[in-house]
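> Dropping the sequence and predicted coords here.
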Amino acid sequence: MRERKYRCYFDVPKSMFYINNETDFTIEFGNEKPVMHIFCADGVIDSWDVDNLMEFTGLHDSKGVEIYEGDLLTHKYYKRPVVVSFKDGCFQAEDVCLDDNSLTVIGNIHQHPELMEA
């Protein structure tokens, strides 16, 4: 079974936060958008609505970098980057097989939107 990890991109302060079992973050999935809670020993410090939640695919690229939803990947047969998404019950990147070891993460759609125009 793959490790359950997430990351969230916040427009303000333009930061990516990584969440796994070793951090003091949790994500609550409700009827609307997810909410991220930050904890300390005394309880919840703060909570934010999460617009840009991305899940770890459980896969790594050709350089060992973790692949998340929203990542931009290059492939030796494609002239432009492909975007990782979760669709129809699985992670996809257009018609590229995500377990292909020739994929390389070059950025993500939130911090590097200009790469999508390549």
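Thanks, I have the structure now.
> OK, contacts around residue 83?
For residue 83, the contact set (C-beta atoms under 8 Å, 6 or more residues apart in numbering) comprises 70-73, 93-94, 109, 116. For every residue, glycine as well, the C-beta is placed using N, CA and C.
> And residue 100, how far from residue 16?
Per C-beta to C-beta, to the nearest Å, residue 100 is found 25 Å from residue 16.
> List the buried residues of the host helix or strand of residue 107.
Per DSSP states H and E, residue 107 falls inside strand 104-108. Across strand 104-108, burial judged by 16 or more other C-beta atoms under 10 Å covers 104-105, 107-108.
> swap in stretch 70-89?
Neighbour counts over stretch 70-89 (16+ other C-beta under 10 Å) mark 70-75, 81-85 as buried.
> Just the ones of those residues in strands?
Those of those mapping onto strands are 71-74, 82-83, 85, per DSSP state E.
> Quick check: the farthest pair among these?
Comparing every pair within these by C-beta to C-beta identifies 74 and 85 as the most remote, at 16.3 Å.
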